[in-house]
Structure formats: C-alpha cells, structure tokens
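Participant: Provided below are the primary sequence and the corresponding predicted coordinates.
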Amino acid sequence: MREDAGAIGAIATIVEPRSVEDIADLVRKCEADQITLAPFGAARTLSQIRRAPVQIGISLRRLAKIIAYEPEDMTVVVEAGMTIGALNATLAQRGQRLPVDPREPDATTLGSLIAAAHAGPLRLSEGTVRDLLIGIQFVGHGGRVIHAGGRVVKNVAGYDLMKVLTGSFGTLGIVTEATFKVRPLPENYTLAVAAFADVEAAFDAASRLYDQVPLIHLEVTSPGVSATLGASERSVVLAGFAGIHSELAYQSDRIASVLGPRSEMLEGDRAPALYSALRDLDFSGCINARMAVLPNDLARCARESSSEFVAHVGSGIAELWMPAGDPRIAARARSVAHSAHGHLRVISAPVSIRSQIEFFDHPNPAAFKLLQRVKSTFDPAGVFNPGCFVGAL
C-alpha cells in the first residue's frame, strides 16, 4: 500500500494486490467499511474525469501475464493488468495481434481497454473491444469471482456480462481476466495521404473512397490536427490499407483515382510512424470529447463542433479537442451531436473546469432507470468507482 502518487491525483491510497483472491478480500473489506474503490492501469482515465479522489485505487500491474494462448484457434486468455503493447509483442511472434489501437497502447492495460471501451482508427475494419471479447472474469459484489463467456459461463441475473462491463468504467466490478479473439498481422501496411483546400472536399473524397476500397482505417483531420501531425496545414484524408503486393497495386491505383494526383502513398517506416502519431494524438490543456453520430451526419457535425478533430469516416465517430477557456463549448458540441440524434462524451478536461462540465449525456428517464437497476444489482454497496458514470452513478 502506498499514498497517492501526485501524478495520479484521483486516488487517495493505492494498493497492489498479487492475486484475484487478494482483490476479492479488498472488495469485501471495502464494502463492510463503505470505502470507495476503483481499479486502474496507468490511472489516466481516472485522473482525467474524476472530480474528487476515490479512497482506494486497486492497481492491477501485478496481474499481467498470459494465462493461455492458442495460435491455431486464434484466442488468448490474459490478465487485466497486461498492456496491449506487451500482449501484441508476444502475439507478433506468431504473426498475430489483438487489433485494437487506443491512444498509447504501451500504457493501456486490457482492463482499462474494456472498462473505458477505448478504441482508435482500427475500429473501421476490426470493430471495438466488444467485438473481440469472448470471455471475461471479474470481482464483483461480496468479493465474488464471476466468469462469463469463454470456457465457463456464470451470468448475473441474466445480463450479458461482457457487454455490460465494457464501457462501465469500473462502476460494476473489477475486471481481472479476459479472453479475446486475435487476428493475423496485416501485410505491407501503406498509408495514403491527401490534403484538400477545404474540409467539405476532404469529407467528400473520403466518403467516395469508403464506398470503393476496403480500408483498414479512414480519417479526415482538421487543419490544426493536420499541422500537428506534420501532414499539411489543410484538411487531410488519411487512408490505411494492406495486403500482398498485387492487392496493394490495385488499391493504390483506386485510391489515387479518388484522392487525386497529389496524394502520397507512404510505405516502409513512414506509414506506421504517421499512423502512430494519429493514434496517439492529444492536445494537453484542452477539453477532449468523442462524438458519435450516423456516418452520413459526421461531416456536418465535425464542422459545426468548433473543434479541432479527427473524424473516423465510415464509423460516425469524431475525436474533438476544444479550448478549455469556455466550458460551455462542450455543451454546444453536445447540442450539435444531439441535432443528428447522436451523443457526445467528454473524455478529459482540466481539473479547474470539471465541475462545470457534464462528462456523459443524460439518457431518457426509462433508460436511466435501467442503468440505476444495473448499478444496484451489481454494486448494492455503492463502492465501485461511484460518480464516474452516466448520471453520476
């Protein structure tokens, strides 16, 4: 046990259990004494959204090993404290990977991946963690160790536990182990880059490209983001693709015919370098939010958000960065999302303005009643990361 590490700030006291049984004991003690707790990996999510520290932070860094790996079956069972980067370094030895790409995968644990539903550009071709997760183990109310999917199925009150826990931010229990489907590593990754005079032209080209070519990822970036990436000072389309050489030649020709003669095909080390910069992009001191709308509404909503953005074309998702000087700008961006029947979640905000920002959308009364029922079923003692979900659940 150790006191708060200043860089974290969202946790009063940190404990580092050595086993699932240790975590179960901690949960029972915290429930008995009404002590709030939260699991964490690098504690970035907690430090970015909590308005007040949780009393106990449970670090999973000592639960970070692969339990079982079957390359032929393309499945892996792994403890929640392992990072995505460490797991993929092992899988790469067999030509495979877990195809999720949140910001800074070397610092993102698998528990955090599930709890915060992190995702990146690969969502276009590979989906999100929910699409790859086939089994889960977590410690819940009363210190119970509960399994779902995989080899053993023990559901709670009829809930689909993998879907319920994904994106629950540690408010329902502590994920300790997960089973994933893995995929082959793509061959000859290439990144097409093209700048456009205005954002409307960029979105139009990206939309036509999405309809014509199977891509690994496809983004439109605002001028500020493009400049930060060193790609241009205009709106840019970035299209990732891969395959054997004959496929690459065909795809390159199709992409160039859509993006125009000034498009550039990055190969070798240049392609993954720019992709990594795109994936890990962040603007310190800003309000960071994620907008989700129907794909056909993405261009308009990104333009009207008053933000620098990375728009994931085909997915209907845009990462937004807004100046923190006026907290009302997040509410205005949320109104833009709502105008398209979408939603917006604030990912992070400076501590000084968090009390003035709603991190989550407010669901309708019926949906919120369901969320309250799920919370009371899984966490009747109210100790699992309280106040860190929709409606301060």
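Facilitator: Happy to help now that I have it. Numbering: from 1, shown residues only.
Participant: all contacts plus neighbour counts: C-alpha atoms, from now on.
Facilitator: Fine.
Participant: show me where the stretch 151-300 of the chain has its helices.
Facilitator: Counting by DSSP state H, counting those that start in this stretch, residue ranges of the helices within the stretch 151-300 of the chain are 161-165, 199-212, 223-229, 245-259, 270-279, 298-304.
Participant: mind putting those helices in CSV, mean pLDDT included?
Facilitator: Formatted as CSV, the entries for those read as follows, by pLDDT from 0 to 100:
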stretch, mean pLDDT
helix 161-165, 91
helix 199-212, 96
helix 223-229, 96
helix 245-259, 93
helix 270-279, 97
helix 298-304, 97
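Participant: quick one: which of the ones you listed is nearest residue 106?
Facilitator: With C-alpha to C-alpha, the closest approach to residue 106 among these belongs to helix 270-279: 11.7 Å.
Participant: and the closest one, what does it pack onto?
Facilitator: For helix 270-279, the packing partners by 3 or more C-alpha pairs under 8 Å, 6 or more residues apart in numbering; DSSP states H and E come out as strand 190-196, helix 223-229.
Participant: tell me the buried residues in the last one?
Facilitator: Put plainly, it is helix 223-229. Using 16 or more other C-alpha atoms under 10 Å as the test for burial, helix 223-229 gives 223-226, 229.
Participant: closest one to residue 245 among the helices and strands packed on helix 270-279?
Facilitator: Comparing these against residue 245 with C-alpha to C-alpha, the closest turns out to be strand 190-196 (10.8 Å).
Participant: pLDDT on that closest one, on average?
Facilitator: Per-residue confidence for strand 190-196 averages out to 97 on the pLDDT scale.
Participant: for it, which helices and strands make contact with it?
Facilitator: In terms of contacts (3+ C-alpha pairs under 8 Å, 6+ apart), strand 190-196 is packed against strand 235-241, strand 264-266, helix 270-279.
Participant: point me to the residue sitting farthest from the middle of this structure.
Facilitator: Here the chain has its C-alpha centre computed as a mean, and the residue farthest from that point, by C-alpha atoms, centre = their mean, is residue 261 with 34.5 Å.
Participant: which of the helices and strands packed on strand 190-196 has the highest mean neighbour count?
Facilitator: Across these, the average number of neighbours (mean count of other C-alpha atoms under 10 Å) peaks for strand 235-241, which reaches a mean of 25.
Participant: quick one: residues in contact with that strand.
Facilitator: Contacts with strand 235-241, where a contact means C-alpha atoms under 8 Å, 6 or more residues apart in numbering, come from 189-199, 202-203, 205-206, 214-223, 226, 248, 251.
Participant: list the buried residues for stretch 239-251?
Facilitator: Neighbour-count burial for stretch 239-251 flags 239-242, 248, 251 (criterion: 16+ other C-alpha under 10 Å).
Participant: pull up the distance across it, start to finish.
Facilitator: Start-to-end span of stretch 239-251 (C-alpha to C-alpha, to the nearest Å) is 11 Å.
Participant: over to stretch 347-355?
Facilitator: 14 Å.
Participant: what residues sit buried inside it?
Facilitator: Using 16+ other C-alpha under 10 Å as the burial criterion, the residues of stretch 347-355 that qualify are 347-350, 354.
Participant: now stretch 362-374
Facilitator: By neighbour count on 16+ other C-alpha under 10 Å, the buried set for stretch 362-374 is 371, 374.
Participant: can we start the residue count at 258 from this point?
Facilitator: I'll keep to 258 as the first residue from here, and by that count the last item is stretch 619-631.
Participant: for the record, mean pLDDT for it?
Facilitator: Average pLDDT, stretch 619-631: 91.
Participant: same question, stretch 275-295
Facilitator: Stretch 275-295 carries an average pLDDT of 96.
Participant: next: stretch 377-390.
Facilitator: Stretch 377-390 shows an average pLDDT of 95 in the prediction.
Participant: wait, doesn't residue 464 sit right on residue 572?
Facilitator: No. Using C-alpha atoms under 8 Å, residue 464 is not in contact with residue 572, being 11.2 Å away.
Participant: still on that earlier bit, need the buried residues of stretch 496-508 in TSV with distance to residue 270, can you?
Facilitator: Formatted as TSV, the buried residues of stretch 496-508 follow (distance: C-alpha to C-alpha, whole Å):
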residue	distance to residue 270
496	44
497	43
498	45
499	46
505	52
508	53
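Participant: just those now: which is nearest residue 369?
Facilitator: Looking across the buried residues of stretch 496-508 and measuring by C-alpha to C-alpha, the closest to residue 369 is residue 497, at 25.9 Å.
Participant: residues contacting residue 440?
Facilitator: By C-alpha under 8 Å, 6+ apart, the residues touching residue 440 are 331, 353-356.
Participant: kindly recompute the last result at 10 Å.
Facilitator: When contacts are counted by C-alpha atoms under 10 Å, 6 or more residues apart in numbering, residue 440 is found next to 328, 331-332, 348, 352-356, 383, 389.
Participant: and the gap between it and residue 468?
Facilitator: According to C-alpha to C-alpha, residue 440 and residue 468 sit 24 Å apart.
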